[in-house]
Each structure stands twice: as C-alpha cells, then as structure tokens.
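Participant: got a predicted structure here, sequence first:
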Amino acid sequence: MKTEYSLLEIQSNIEGSELQNCNNPENVIIDCVVTLDDDKQNSISFVRSRAFVEQGKNSKATIVIVNKQLAKEFERPVLVVKNVEESLIPVLSLFHSPKSPNGTISEKSSIHETATIGENSQIGDFVIVGENSCIGKNCIIEGNVSIGKNVSIGDDSRVGPGNVIHDDVTIGDRFVSFGNCTIGADGFRFVFTPKGHMKIPQIGKVILGNDIEIGAQCTIDKGGLGDTVLGDGCKFDNMVHIAHNCILKNNIVIAAQSGIAGSSVIGNNVMISGHCAIQDHIELADGTIIAGKTGVRKSITKAGIYVGEHAQTLTKFNMLRKNISHLVRFDKWIKRIEKVEEKLSISKDEEK
C-alpha cells in the first residue's frame, strides 16, 4: 500500500474538486492527514466551517481542504470541494484503508460441519460458528466471536471481537460491529405472580438490513412473538440498546447510551442523541430529531427537534427554560413587591 500521494492523485479521488493557488500539483507530495494546528510537513488538513477560516489561513499544512463558499477567502493553496466532511472519506481512505479479509480460517476456530463460509472470508481465533449458519463472501469475523445456529451474515461484513450473535439472526450485507456486541438475546419481559417474576418466553428473531454499523457494547434483543427489525443504513454509537419487537426503519442514527424500549417504531432518517430514553410502544415520525438526555414518553407524529424530560418541541422548551430563569430570580421579585407594598401602605394583615 502506498504511503504518499501527489496532490494531483488526491484531487483526482474527489469528484468535482479543483485545486486553487497551487502550481505543479503532480510534484507536491502528501503523506499524512492532520489537524489545522499540526506542524507536520507534507500534510493535508481541512476547514470544516467559517469558524476555522483564520486557523486554516495560518495552518502549516501543505494544503487545506475548503468548500466553494470559503475558497475565495484563501490566498494559500487549497483543495476546493463541494462538501468538506464528505471529501474526507476518500482522502482518509487513501492513507488508512480499512481491513481487508485474507481468506484464512484459524485452526483455533470451531466451525460446525453444516455451516458455510463464503469465498475469501477470514475467521479469527476462538470463533464459534453454529449449525446451519452462513457467513457471506469477503467477511472478517474477529477473535472470540460466538455465532449461534441458523445465523446468516451478508457479504463484505465485519464482526468485531467478542461479539455474540444468538440463534436465528439474519444480517444483511456490509454489516460492521465493534467489540462485545450482543445480537439476538432475549427481550426483557416478565410477569409478576405469587411465585415471583416468571419469564415470558421470547421466540421472535432479529433481522438487520444492509449497511448497518453498530459501535462497541451495543445490544439488539430478539422479538417476543414478532421480530426485531432494523432497516438499511442504521448507524449506532457505543452502548446503544434496542429492545424486543422494535421496528427501526432506514438511515437512523443513535448516539451513545441511548435506549429504545420494546415494540416502538422509529421512522426513517430519525436522529437520536446521546443518553436518551424512548418509552415502549410509541412511534417517532420520519425525520424526528431527539436532543441529548431527552425522555420520550409519547408518540411524536410531526418531525422536529424535541428536547427535555418530556420531549417538548424546541420552541416550548426554550419558553419553559426562560420561565424557569424568572422563577430562579423570584426572590428579587418578592423584594420589589414588598417595597411597592410598603410605599402603598399595604399591611400584611390586609393581604390576609
């Protein structure tokens, strides 16, 4: 793998990009991607927004990536792109390419005789693949992964170390998970009886679509009677929990330490920030945005930004916060009222 590229090579990897204030780009060599305050030579950096323009002008990076709106403010060499964040994908991939499977199956793994492993897939140490399970082509199953019976994992997937995938889980293509995730464990459902809490059997499955990525220590429970289903393009941060019978549609993003309780339906393109709690049996409309630490206790039928303990709209939340600020200063209002009453000779007896 190459460790350095000319500016011309880098520019050719970004569709619709162009170089500005740069002579002989084929002779300018770049060997690393850095932050704006780094002083490494032969480097490329980026300006994410207008707030970083001055820092970009003074950066020691050989060239800086900027968008078309900001390019006119620079007299130094810049690589002009439509979207800076999106352009980082091909640039970073040049210098830090993702792992590629090598087609080896560790002698320390345990593969059931009825299981199938796709062409060029890599199986790490101490991996267990159960009866009738199927691993697709070009997959990487890292060490200490346990895959149960009747599991299907699609092509070009990567399962991180220590993952546990229980029986009857179906996973689409290009799946990515990081360390110690659990998929297909029982949902949390008990009934209280005179004998104590009795478990209600969970007999559903987990079905995951294509292009899903989940961070470390995520859990996705199987359905009770129906299935837990995630659509295409869902992306989870670390420590996200999806309970039994949840239906998540497409392109949903969930940040760390958020949980969705059972039988909830989450619409397309929903964004859930960190440390949020979504109550069971509710629905979130397509395009809903849930701010950090929000508690959602009822269904949301209209897209918008929802904030706070009771998932209020941003407008209502700001109004409430303003009113609370007045309450915090209420002691000052009391003193003012007392002075007015004193001037008007209103006694406390009259108040009663």
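Facilitator: Good, I have the coordinates.
Participant: any regions of this protein where pLDDT drops low?
Facilitator: Within the chain, the set of residues satisfying pLDDT under 70 comprises 1, 309-333, 347-352.
Participant: residues in contact with the nearest residue to S6 once chain neighbours are set aside?
Facilitator: The shortest distance from S6 to any non-neighbouring residue, by C-beta to C-beta, 6 or more residues apart in numbering, is to E26 (5.2 Å). (Each C-beta comes from the backbone N, C-alpha and C, glycine too.) E26 makes contacts with S6, L7, L8, as judged by C-beta atoms under 8 Å, 6 or more residues apart in numbering.
Participant: repeat that for 10 Å
Facilitator: Each residue near E26 by C-beta atoms under 10 Å, 6 or more residues apart in numbering is listed here: S6, L7, L8, E9, Q11.
Participant: what's the farthest-apart pair in those?
Facilitator: S6 and Q11 (8.8 Å; C-beta to C-beta).
Participant: what is in contact with those two at once?
Facilitator: If you check S6 and Q11 against C-beta under 10 Å, 6+ apart, the residues they both contact are P25, E26.
Participant: ok so, going back, am I right that the residue nearest to S6 is in a helix?
Facilitator: Yes - under DSSP: H, G, I helix; E, B strand; the rest coil, E26 sits within a helix.
Participant: quick one: it from Y5, how far?
Facilitator: In this view, E26 and Y5 are 11 Å apart by C-beta to C-beta, to the nearest Å.
Participant: shared neighbours, the two?
Facilitator: By C-beta under 10 Å, 6+ apart, the residues touching both E26 and Y5 are Q11.
Participant: outline the domain layout of the protein.
Facilitator: As given by automatic domain parsing, the domain ranges for the chain are 5-95, 110-313, 318-351.
Participant: related to what we said a few turns ago, S6 and Q11: which is more packed in?
Facilitator: Q11 (20 against 15; other C-beta atoms under 10 Å).
Participant: export only the CA atoms of the host helix or strand of the more buried one, formatted as CSV.
Facilitator: Secondary structure assigned from DSSP states H and E places Q11 in helix 7-12. Provided in CSV are the C-alpha atoms of helix 7-12 (Å, rounded to 0.1, in the frame of the first residue of the first chain):
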residue,chain,number,x,y,z
LEU,A,7,-1.7,16.5,-4.8
LEU,A,8,-2.9,15.6,-8.3
GLU,A,9,-3.6,12.0,-7.2
ILE,A,10,-5.5,13.2,-4.2
GLN,A,11,-7.5,15.7,-6.2
SER,A,12,-8.5,13.0,-8.7
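Participant: list the buried residues for whichever helix or strand comes after it?
Facilitator: Under the assignment DSSP H and E, the closest C-terminal helix or strand after helix 7-12 is strand 18-20. If you call a residue buried by 16 or more other C-beta atoms under 10 Å, then strand 18-20 has these buried ones: L19.
Participant: in the sheet, which strands lie alongside the helix or strand following strand 18-20, parallel or antiparallel?
Facilitator: Later in the chain than strand 18-20, the nearest helix or strand by DSSP H and E is strand 29-30. Applying DSSP bridges, strand 29-30 is found paired with strand 5-6 (antiparallel).
Participant: quick one: the strand it pairs with to chain centroid distance?
Facilitator: 32 Å (C-alpha atoms, centre = their mean, to the nearest Å).
Participant: and for stretch 144-154?
Facilitator: On C-alpha atoms, centre = their mean, the centre of stretch 144-154 falls 23 Å from that of its chain.
Participant: and the helices in the stretch 151-300 of the chain, which stretches?
Facilitator: For the stretch 151-300 of the chain, no helices are identified by DSSP state H, counting those that start in this stretch.
Participant: again with the stretch 1-150 of the chain
Facilitator: 7-12, 53-58, 68-71, 84-95.
Participant: can you list these in JSON lines and add distance to A256?
Facilitator: Shown next, in JSON lines, are these (distance: least, C-beta to C-beta, whole Å):
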{"stretch": "helix 7-12", "distance to A256": "32"}
{"stretch": "helix 53-58", "distance to A256": "28"}
{"stretch": "helix 68-71", "distance to A256": "31"}
{"stretch": "helix 84-95", "distance to A256": "20"}
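Participant: deepest of those helices, which one?
Facilitator: Highest mean neighbour count of those: helix 7-12, a mean of 18 (counted as mean count of other C-beta atoms under 10 Å).
Participant: quick one: contacts of that helix?
Facilitator: So helix 7-12 is contacted by 2, 5-6, 17-19, 22, 24-30, 33, 44, 62-63, 65, 77, 79-81, 87, 90-91, 94-95 (C-beta under 10 Å, 6+ apart).
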